[in-house]
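Participant: What follows is a protein structure lacking sequence information:
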Ligand SMILES: Nc1ncnc2c1ncn2[C@@H]1O[C@H](COP(=O)(O)OP(=O)(O)OP(=O)(O)O)[C@@H](O)[C@H]1O
């Protein structure tokens, strides 16, 4: 070993510059930075590097990730490798919890390069600015790459999408290199998600990460003609991304070869296994030949664990932090507002330079309500607002999203159609005008205000109409250290007291 911590594989003088190194021969290790011959191992990360220059570049990247507390850096930039003790320590520090299959679950990784991914995929991750995996990616990617089934939960905005897309793209690439004579290009993976917007977003990310690889996608969602979607699949795709209703429709009208599907993903799994979607999801699943099952959401219940477990013989549970809790990066500001005062309160906020932080999404419970409120906001406050909901045609929904994300319209009034999964990168403020019907939906809705740990704000209107949610809402606010309106405290304790009397305590 030399002072730089590199272990030469042979006795040659250590190469200083990347340019001094030769190209790798087939089967030889490649430098994780420049892809030349990876002659040395970087001690701190266990990655292959070609020269001292690339080792320094690698260490700079590790530093810039700042995922770990400075005092722990020396320990934490080391991948745990095969040591289960190190893996346990790392999981404890990163709040990664794993259950099922005991030691068969691979240890978390600290870099994408440690996952044995195709070089092109690594390059695409780098181009996307994904310098280091997030905690859910650290554990879920190596686990999913083994082909095992997973039920995984982590905060909203913490990178769950890439946690299933990276293994899918990697496994598809491997499949093609192992089956060069298979020219049929039948689908190898399927992702189901609850809304068109989320499917579009997942497809965008899949295209970005799969660029330049034998990896094509087909979007199967309502609102667009089925003929085009069918044609695309018939031309050969690796991944189908769709909403359950349209996929069932497609499968019932046309013969699609699904036997090669290796991986089946339910994004927002708790929503996908609820009444309304569940039968369709099961129908699709039964048409597949026992694929690997990857289930993801920020909120997962025992019931979901049970149903999820029935889809796969053995399933690994992965969670980051406390499941079912609001993302701590979102500052919740709950305000008691009587139903009749809600509109006025909203207008006041939108007129206030201190409180309005555009672009903002206002969540309401009904489609008509969304249209009316968007109109009223524009007329009364002069702030341009548009609405989006499930009844609008796909083209209009696309245009509305374009105007909002493009900065032309500062306020978007939405039903739950944008409540889950959708990555509204520019948004730092959401206003919950109508409380959703469950606390889980609430957690997803306010999660739109923060992606990847960026600070965001959720202004939440509460009143007596939301009585059913009071105890859960108080717990959600408390868990994030948010102030609780006094009306909410009073009514919650009265409710609890009455409940006790009713059941005869
Ligand atoms: N390793 C990474 N490095 C940098 N950015 C990342 C990384 N992984 C994901 N991102 C970005 O973080 C944002 C949030 O990711 P994503 O939408 O996958 O979150 P999520 O956990 O699925 O959230 P939700 O529960 O709300 O659906 C996206 O903009 C994504 O491009």
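Facilitator: Here it is on my side, so go on. This is a predicted model, so every value here is computed, not measured.
Participant: Please enumerate the strands of the stretch 151-300 of the chain.
Facilitator: 189-192, 217-220, 239-242, 263-267, 292-297 (DSSP state E, counting those that start in this stretch).
Participant: So what's the gap between the third one and the chain middle?
Facilitator: With C-alpha atoms, centre = their mean, to the nearest Å as the basis, the distance from the averaged C-alpha position of strand 239-242 to the chain average is 16 Å.
Participant: Next: the fourth one.
Facilitator: Using C-alpha atoms, centre = their mean, we find the averaged C-alpha position of strand 263-267 to lie 12 Å away from the chain's own average C-alpha position.
Participant: Mean confidence (pLDDT) on it, please.
Facilitator: Per-residue pLDDT over strand 263-267 has a mean of 97.
Participant: now do the longest one
Facilitator: The pLDDT scores in strand 292-297 average 96.
Participant: which helices and strands sit right next to that strand?
Facilitator: helix 135-145, strand 149-153, helix 160-178, strand 263-267, helix 269-272, helix 302-311 (3 or more C-beta pairs under 8 Å, 6 or more residues apart in numbering; DSSP states H and E). No exception for glycine: its C-beta is placed from N, CA and C like everyone else's.
Participant: Output these as TSV; include the columns mean neighbour count and distance to residue 334.
Facilitator: Listed next are the helices and strands packed on strand 292-297 as TSV, based on neighbours: other C-beta atoms under 10 Å; distance: least, C-beta to C-beta, whole Å:
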stretch	mean neighbour count	distance to residue 334
helix 135-145	25	28
strand 149-153	26	24
helix 160-178	21	27
strand 263-267	25	29
helix 269-272	26	24
helix 302-311	16	27
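Participant: which stretch among these comes nearest the ligand?
Facilitator: Counting by C-beta to the nearest ligand atom, the ligand lies closest to helix 160-178 out of the helices and strands packed on strand 292-297; the figure is 3.2 Å.
Participant: when you scan that closest one, is anything in it near the ligand?
Facilitator: Yes: Helix 160-178 is in contact with the ligand by C-beta under 6 Å from any ligand atom, via 160, 161, 162.
Participant: mind listing what the nearest residue to the last one once chain neighbours are set aside touches?
Facilitator: Beyond its immediate neighbours in the sequence, the residue positioned closest to residue 162 (C-beta to C-beta, 6 or more residues apart in numbering) is residue 137, lying 5.9 Å away. Residues in contact with residue 137, defined by C-beta atoms under 8 Å, 6 or more residues apart in numbering, are 159, 162, 163, 166.
Participant: From these, pick the one nearest residue 279.
Facilitator: residue 163 (26.9 Å; C-beta to C-beta).
Participant: residues touching the closest one, list them.
Facilitator: Neighbours of residue 163 in contact, by C-beta under 8 Å, 6+ apart: 136, 137, 140, 141, 144, 152, 154, 296.
Participant: Show me which pair in those residues is furthest apart.
Facilitator: Farthest apart among the contacts of residue 163 by C-beta to C-beta are 144 and 154. That separation is 13.7 Å.
Participant: residues near whatever residue of the stretch 1-150 of the chain ends up closest to the ligand, how many?
Facilitator: Closest contact between the stretch 1-150 of the chain and the ligand, by C-beta to the nearest ligand atom, is at residue 130 (3.8 Å). Neighbourhood size, residue 130 [other C-beta atoms under 10 Å]: 17.
Participant: try residue 362
Facilitator: Other residues close to residue 362 by other C-beta under 10 Å number 25.
Participant: That one belongs to a strand?
Facilitator: Yes: counting by DSSP: H, G, I helix; E, B strand; the rest coil, residue 362 is part of a strand.
Participant: quick check, distance from stretch 171-191 to the centre of its chain.
Facilitator: 24 Å.
Participant: pLDDT (mean, whole number) over it?
Facilitator: 90.
Participant: which residues are in contact with that stretch?
Facilitator: Here stretch 171-191 has contacts from 118, 120-121, 145, 147, 164, 168, 199, 202, 206, 210, 213-216, 218, 233, 235-242, 247, 256-265, 267, 284, 288, 291, using C-beta under 8 Å, 6+ apart.
Participant: This completes my enquiry, with thanks.
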